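Enquirer: have a look at this fold, sequence not included:
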Ligand SMILES: NC(=O)c1ccc[n+]([C@@H]2O[C@H](COP(=O)([O-])OP(=O)(O)OC[C@H]3O[C@@H](n4cnc5c(N)ncnc54)[C@H](O)[C@@H]3O)[C@@H](O)[C@H]2O)c1
Ligand SMILES: O=C[C@H](O)CS(=O)(=O)O
């Protein structure tokens, strides 16, 4: 159970299909644990193909009415949903901290971030415009209209269990689509609580469906279904690749928000204190478990030692502990596998000559102290793979050309960051970095108003911004003979 909920019925241990709260057909369940204590919080239904097919059928049945409503009607319901999320921000935050581990203040911040996507797309719903195009024929007229794609399947990760659904459901529902969603097994309760509030906001039965259980089976049904017109996935590049392959037979429209390997570059003309502040946010938000975390920190030779010293001082102030405890900045990692991966990266770097300036110790269970490591080289695993944990590797560089080559030497292309006060350098570097997102003199880039997404093997499409709703619409060309 999850303590201190003002609205206890937000904590649901059933899936949500066709407006009904249901168990798995088999009655089977899976445990959901608190990553800070390893205690069992509750269970979730272990569903499979039959339940997923029923959810898709429910979404298909709900589509004509939902798509047929006016944009204003859909917007009103979405706005009410966002308002309810904010009214229950503390409860939704507590549910998230319990299942994901992030500090309560950060969890409540994610709830506000999630609600901002629902609110943003409630507004965007009413600005889906078509065209009248000057016809080359005297006896015909050319018009375009935009219509919702149809039934959308969504699969989301554990690291932002509220916002990653909101970033998909906002545009999809605003456009008039209906959805079948699967949360990560580690964090189902945030999505189920959002479904409770969606129902209360007036979302009709079948518009939003949530299935939990066997990921490969559920994903297999979603990707092979001819009813599902689009799959939107947020998660690892490995799984994104698999789902893309599985979607080929039905030519699914795809939105993929995948893995990252963000460079964080500090030039010698940067404001060092600001760069340290930005590095703390970009590296340690969600305990380093975000797709846009600084994974490689490049510091120009002249300021390398100063930056390293100030970063160590700042990192040493970060308190690691249970996300419900006062003053905790870093919660647990999501599970033992995540701890093992961070230690593998750390051990490999040390074995190849890197030096640990602070942290990197086990604090028991899924907790570890935040680490700063220097003398890191491109040959180390930490330079090539997404660490997804509290490990800040510092790499020294000499020239602008060198660091751009090093920063771009990866198959990923999601987020990147750099600090410089030289306007010419800002434009040169921003244009040469091969990433979908470039943070300049800031470590915090994410907001509903801006297009979020990657290039190369970090994904397809953009979420948020005025562009985000386009991925859920089809353009229809009407050629009208007079
Ligand atoms: N680009 C972004 O916006 C973004 C956001 C968050 C996380 N991520 C990435 O996600 C990764 C970490 O999250 P994760 O560990 O949950 O990723 P993951 O890919 O293991 O899991 C993501 C989701 O996919 C599901 N899944 C796993 N195997 C599946 C299968 N065979 N068929 C269908 N679904 C399947 C999981 O149950 C989960 O719901 C990191 O690489 C991170 O960079 C990217
Ligand atoms: O982990 C990836 C999320 O997209 C994080 S955020 O959008 O930058 O908060």
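Expert: That came through, no problem. Since the structure is predicted, the reported quantities are computational estimates derived from the model, not experimental observations. Numbering: from 1, shown residues only. Ligands and ions are numbered 1, 2, ... in the order given.
Enquirer: check which helices and strands the helix or strand where residue 172 lies sits against.
Expert: Here residue 172, judged by DSSP states H and E, is contained in helix 163-175. Judged by 3 or more CB pairs under 8 Å, 6 or more residues apart in numbering; DSSP states H and E, helix 163-175 is in contact with helix 71-87, helix 104-124, strand 151-155, strand 178-182, helix 189-201, strand 228-234. Where you see a C-beta, it was placed from the backbone N, CA and C, and this is true even at glycine.
Enquirer: adding mean neighbour count and distance to residue 400, write the ones you listed out as CSV.
Expert: CSV is the format used below for the helices and strands packed on helix 163-175 (neighbours: other CB atoms under 10 Å; distance: least, CB to CB, whole Å):
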stretch, mean neighbour count, distance to residue 400
helix 71-87, 19, 43
helix 104-124, 23, 34
strand 151-155, 28, 40
strand 178-182, 28, 44
helix 189-201, 23, 42
strand 228-234, 25, 33
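Enquirer: out of the ones you listed, which gets nearest to residue 329?
Expert: Nearest of those to residue 329, taken as CB to CB: helix 104-124 at 8.5 Å.
Enquirer: just checking, next helix/strand downstream of that closest one?
Expert: strand 131-133.
Enquirer: quick one: strands adjacent to that following strand?
Expert: According to DSSP bridges, strand 131-133 forms sheet pairs with strand 140-148 (antiparallel).
Enquirer: buried ones in the partner strand?
Expert: By 16 or more other CB atoms under 10 Å, the buried positions in strand 140-148 come out as 146, 148.
Enquirer: for it, which outside residues touch it?
Expert: Contact with strand 140-148 is made by 63, 67, 128-135, 175-177, 472-482, as judged by CB atoms under 8 Å, 6 or more residues apart in numbering.
Enquirer: please pick the buried ones from these.
Expert: 63, 67, 128, 175, 176, 177, 472, 473.
Enquirer: how about the last one: what's its closest non-neighbour residue?
Expert: Yep, that's residue 473 we're talking about. Leaving aside its chain neighbours, residue 473 sits nearest to residue 146 (4.5 Å; criterion: CB to CB, 6 or more residues apart in numbering).
Enquirer: what is that neighbour paired to in the beta sheet?
Expert: residue 475.
Enquirer: hmm, back to that, could you dump the helices and strands packed on helix 163-175 into TSV with distance to ligand 1 added?
Expert: Formatted as TSV, those follow (distance: least, CB to the nearest ligand atom, whole Å):
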stretch	distance to ligand 1
helix 71-87	19
helix 104-124	12
strand 151-155	5
strand 178-182	6
helix 189-201	10
strand 228-234	5
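Enquirer: could you dump the ones you listed to JSON lines with distance to residue 165?
Expert: As requested, those are exported to JSON lines (distance: least, CB to CB, whole Å):
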{"stretch": "helix 71-87", "distance to residue 165": "11"}
{"stretch": "helix 104-124", "distance to residue 165": "7"}
{"stretch": "strand 151-155", "distance to residue 165": "7"}
{"stretch": "strand 178-182", "distance to residue 165": "6"}
{"stretch": "helix 189-201", "distance to residue 165": "5"}
{"stretch": "strand 228-234", "distance to residue 165": "9"}
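Enquirer: kind regards, and thank you for your time.
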